[in-house]
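J.: Next input, structure requested:
(one chain, ligands or ions: 2)
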Amino acid sequence: MDAVVYKGPHDVAVEEVDEPTIEHPNDVLIDITTSCICGSDLHMYEGRTAAEPGIVFGHENVGVVTEIGDAVSDLEVGDRVVAPFNVACGFCENCENGKTGFCTNVNPGFAGGAYGYVAMGPYKGGQAEKLRIPYADFNALQLPKGDEHEDAFSLLADVFPTGWHGIELANFEPGDSVAVYGAGPVGLMAAYSAKIRGAAEIYVVDRVPSRLELAEEHCDATTINFEEGDPVEQIKEIHGGGVDCGVDAVGYQAVDSEKEGDGAYDPARENPAVVINNLIRTVKPTGELGIPGLYVPEDPGAPDDMASQGRIGIDFGLLFEKGQALGTGQCNVKEYNRQLRDLIVEGRADPSWLVSHRVDLSEAPEMYEAFDARDEGVTKVLLEP
Ligand SMILES: [Zn+2]
Ligand SMILES: [Zn+2]
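T.: Ligands and ions are numbered 1, 2, ... in the order given. Model (predicted):
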């Protein structure tokens, strides 16, 4: 079957790979109907992780069950399902506590597994024709049959729950003012979640006009372009002081507007601490910071030695002085995806406006390039085999 294979920095190819098989009685196989390209794939694509060539990408997967293992009891051939990007067992201590992003059974020596991602276990990605879902009764969330809401449901694998998780990590409550740094898919979903959950005010910070327009149009956000001046000062000016809580939907490859470079995303412009430090300044004393944006313990392309070991210069003194709290880590998708699915089914949420492209799997290399360049209008790309 065809799959998107990582060949090396800035290079992916659609190649023939082995089809998955049932490896354990609780596995199912699905025919992929949609697999999304994610911002976190770009960290690997750019050679900014320890990813080795040969990985099949794709951790945001929807498909139809074609084969079930003997021990699968809740799924049948023909069911349409979405798989959380986390692979989780469902019965370890962390899974029992709902922390399925930190399952201790699926990736020996590590807490947490995922499809098609460096260091996240042996699970092949779904940017392919077929996918194996392990612990399928637990991991495969059933969707209504047919193809209705396919775009919106595909966002249940990662970015909608991860955005929701971002404001959850920030201890968001209805009536709060919230600042979201980053208007990529996760930031936009965090802002959209804040809108659904009754935020009083939403600020979204980015530099790409088309992304800021989406935040304004679909999330009722006040948009802040950080290339036009210090985003913290811009927010404080409009809001009249620090906001209640904030979300970092950028992560370690953050652009610092104070730094010069050849292009917007020249690594010379990066400062892995800039977003967290801006959030510490943006959020009021005792407010909370949710950090679903990705940070890594090892970055081969880091701007300096400290950052290459995942150590970054956070203004911890100021954080402490303000009595702020930090919530970090990848989303436990299972915590939210059932409820978010039902909001979509009942028409109370429809995040499909995020999707800018649905293309054939064979077009993946061009789409990786365009998404990586943050081309105007390329916000979320879905691949269809
Ligand atoms: Zn993702
Ligand atoms: Zn587990």
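J.: which residue lies farthest from the center of the protein?
T.: Of all residues in the chain, residue 70 has its C-alpha farthest from the mean position, at 32.7 Å, by CA atoms, centre = their mean.
J.: residues near the closest residue to that residue other than its chain neighbours, how many?
T.: Counting by CB to CB, 6 or more residues apart in numbering, residue 25 is the residue found nearest to residue 70 once chain neighbours are left out, at 4.5 Å. Every residue, glycine included, has its C-beta placed from N, CA and C. Look at residue 25: counted by other CB atoms under 10 Å, it has 11 neighbours.
J.: Which secondary structure state is assigned to residue 25?
T.: What DSSP: H, G, I helix; E, B strand; the rest coil gives for residue 25 is coil.
J.: Downstream of the lowest-mean-pLDDT helix or strand in the chain, the next helix or strand is which one?
T.: Across the helices and strands of the chain, mean pLDDT, DSSP states H and E gives its lowest value to helix 305-308, namely a mean of 89. Counting by DSSP states H and E, the next helix or strand C-terminal to helix 305-308 is helix 316-321.
J.: Return the list of helices and strands in contact with that next one.
T.: Packing partners of helix 316-321 (3 or more CB pairs under 8 Å, 6 or more residues apart in numbering; DSSP states H and E): helix 274-282.
J.: residues contacting residue 38?
T.: Residue 38 sits next to 59-60, 85, 158-159, 185 when contact means CB atoms under 8 Å, 6 or more residues apart in numbering.
J.: Contact partners for the nearest residue in space to residue 17 that is not next to it in sequence?
T.: Once flanking residues are discounted, residue 17 sits nearest to residue 3: 4.5 Å by CB to CB, 6+ apart. Going by CB under 8 Å, 6+ apart, residue 3 touches 14-17, 56, 58, 124-125, 127-129.
J.: rerun that using 7 Å as the cut-off
T.: Going by CB atoms under 7 Å, 6 or more residues apart in numbering, residue 3 touches 15, 17, 56, 127-128.
J.: out of those, which are buried?
T.: Among those, those scoring as buried are 17, 56, 127-128 (criterion: 16 or more other CB atoms under 10 Å).
J.: Make a markdown table from these and add pLDDT to it.
T.: Shown next, in a markdown table, are these (pLDDT from 0 to 100):
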| residue | pLDDT |
| --- | --- |
| 17 | 98 |
| 56 | 97 |
| 127 | 98 |
| 128 | 98 |
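J.: of all those residues, which comes closest to ligand 1?
T.: Nearest to ligand 1 among the buried ones among the contacts of residue 3 is residue 127, at 11.4 Å by CB to the ion.
J.: What about the contacts of residue 38, which are in helices?
T.: 159, 185 (DSSP state H).
J.: Just name the closest of the contacts of residue 38 to ligand 1, please.
T.: Ranked by distance to ligand 1 (CB to the ion), those are led by residue 158 at 3.5 Å.
J.: quick one: contacts for the closest one?
T.: With contact set as CB under 7 Å, 6+ apart, residue 158 has these partners: 38, 59-60, 85, 333.
J.: how near is it to residue 72?
T.: Residue 158 sits 23 Å away from residue 72, going by CB to CB, to the nearest Å.
J.: Check whether the residue nearest to residue 17 sits in a helix, strand or coil.
T.: Assigned state for residue 3: strand (three-state reduction, three-state DSSP).
J.: so how far is residue 330 from it?
T.: Distance from residue 3 to residue 330, counting by CB to CB: 23 Å.
J.: same thing with residue 360?
T.: Taking CB to CB, one finds residue 360 at 29 Å from residue 330.
J.: out of those two, which sits in the more crowded spot?
T.: Neighbours of residue 360 and residue 330, each counted by other CB under 10 Å, are more numerous for residue 330; the result is 20 against 11.
J.: That one and residue 102 touch, don't they?
T.: No. Taking contacts as CB atoms under 7 Å, residue 330 lies outside contact range of residue 102: 8.1 Å.
J.: how about the residue nearest the centre of the chain, what does it touch?
T.: Taking CA atoms, centre = their mean, the centroid of the chain lies closest to residue 159, which sits 4.5 Å from it. By CB under 7 Å, 6+ apart, the contact set of residue 159 is 185-186, 189.
J.: burial count for the closest residue to it other than its chain neighbours?
T.: Counting by CB to CB, 6+ apart, residue 185 is the residue found nearest to residue 159 once chain neighbours are left out, at 4.4 Å. Neighbour count for residue 185, taken as other CB under 10 Å: 31.
J.: what do you get for residue 254?
T.: Applying other CB under 10 Å, I find that residue 254 has 22 neighbouring residues.
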